[in-house]
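1. Here's a sequence, model it:
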Amino acid sequence: MRSPAEEGARLLRQRAEMGGGELFLGGLTREEALEIAAAARRAGTATGGSSAAGGSSPIRPGSAGATSSLPVLPTSYAELRETALVCTRCRLAEGRTQVVFSDGAVDARLVVVGEAPGANEDRTGLPFVGAAGKFLDLLLGTVGLSREESVYICNVLKCRPPGNRNPMPDEIEACAPFLQKQLELIRPQALLAVGSFAAQLLTGREKTALGRLRGEVHSYRGVPLICTYHPAALLRNPKWTRAFWDDLQLLRSIMDSV
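-> Presented below is the predicted three-dimensional model:
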């Protein structure tokens with residue numbers, strides 16, 4: 001029969017292997033939590049694999065619980081998508097209808113990164129399918145780009161926040177590795193970040209207003225990056241459409257020169 005520490009270690013290993021989110025171990029003393037972490041490390045060493053505690057996944061005794069580290073993501077696009085579709089790394093998994101992974105061409109020249117799915121996206125499993133998505137398609141079409149042939153579209157978050165609220169920092173942190181791997185696999189010629197959260201994440205300038213990020217060429221791991229307003233914001237504030245148009249012209253000129 002397993003000891004409590006061995007049983008706790010087994011649960012941690014299972015959670016990490018499944019790509020799980022937070023596992024709350026309420027009521028533990030510091031000594032009990034450390035014993036479980038040590039048992040997980042011993043088990044990982046014995047099987048030749050990585051432990052569930054993983055060194056980088058600190059166990060916080062009491063109500064704080066333990067957070068499993070993100071497993072090494074697949075290098076195959078199909079496997080990456082399948083991993084994302086069953087992700088439970090943050091609280092958003094509990095209320096989603098579907099994971100919204102991407103839409104468009106996987107050999108795209110341009111990747112458009114938005115913020116998070118809305119109700120239509122959560123229902124269909126595809127990003128930018130509502131009014132804002134149709135407007136985005138129309139605007140991209142004016143510079144000869146389409147999601148059917150040359151554009152790949154995804155979001156910072158793959159699950160819809162309740163009530164379409166803004167993404168929370170821990171949700172972005174949990175989901176960002178999937179976006180990073182998507183961009184690594186797609187290898188586009190250019191990136192278009194629409195909205196503050198996408199722009200701030202990809203530029204690394206988390207406290208800079210979108211208005212100060214747009215209008216210039218940034219770089220994300222060597223890929224030219226343009227930041228602009230979210231299409232939904234244009235529907236609410238039509239006066240920003242000209243600025244979006246200017247950003248598209250800048251984007252097009254960059255892509256034409258690559």
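2. Where do the strands of the stretch 51-200 of the chain begin and end?
-> 59-60, 65-67, 103-104, 110-114, 151-155, 190-194 (DSSP state E, counting those that start in this stretch).
3. what's the most buried one of these?
-> Comparing the strands of the stretch 51-200 of the chain by mean neighbour count (mean count of other Cβ atoms under 10 Å), strand 110-114 ranks first with a mean of 27. All C-beta spots, glycine's among them, are computed from the backbone N, C-alpha and C.
4. any residues touching that strand, and which ones?
-> 127-128, 136, 140, 145, 150-156, 179, 182-183, 186, 188-195, 198, 202, 230, 251, 255 (Cβ atoms under 8 Å, 6 or more residues apart in numbering).
5. Quick one: low-confidence residue ranges for the protein.
-> For the chain, the stretches flagged by pLDDT under 70 are 1-71.
6. Could you rerun that using 80?
-> 1-72, 258 (pLDDT under 80).
7. Let me know the helix or strand that residue 245 is in.
-> helix 241-257 (DSSP states H and E).
8. same for that helix, what does it pack against?
-> The contact analysis (3 or more Cβ pairs under 8 Å, 6 or more residues apart in numbering; DSSP states H and E) places helix 241-257 against helix 131-141, strand 190-194, strand 223-228, helix 231-236.
9. Same question for it: list its buried residues.
-> Across helix 241-257, burial judged by 16 or more other Cβ atoms under 10 Å covers 241, 243-244, 247-248, 250-252, 254-255.
10. So which of the helices and strands packed on helix 241-257 is the most surrounded?
-> Of the helices and strands packed on helix 241-257, the one with the most neighbours on average (mean count of other Cβ under 10 Å) turns out to be strand 190-194, with a mean of 25.
11. Residue 172 and residue 212, how far apart?
-> Residue 172 sits 20 Å away from residue 212, going by Cβ to Cβ, to the nearest Å.
12. Looking at these two, which is more packed in?
-> Remark: of residue 172 and residue 212, residue 172 carries more neighbours, 21 against 11, as counted by other Cβ atoms under 10 Å.
13. Pretty sure the more buried one sits against residue 157.
-> Yes - Residue 172 lies in contact with residue 157 (Cβ atoms under 8 Å); the separation is 6.9 Å.
14. ok, now which ones touch the residue nearest to residue 136 when sequence neighbours are not counted?
-> Leaving aside its chain neighbours, residue 136 sits nearest to residue 231 (4.4 Å; criterion: Cβ to Cβ, 6 or more residues apart in numbering). By Cβ under 8 Å, 6+ apart, the contact set of residue 231 is 128, 132-133, 135-136, 139, 194, 244.
15. all helices in this structure, in order from the N-terminus.
-> All helices of the chain, identified by DSSP state H, fall at 4-17, 30-46, 77-85, 119-124, 131-141, 169-186, 196-203, 210-213, 231-236, 241-257.
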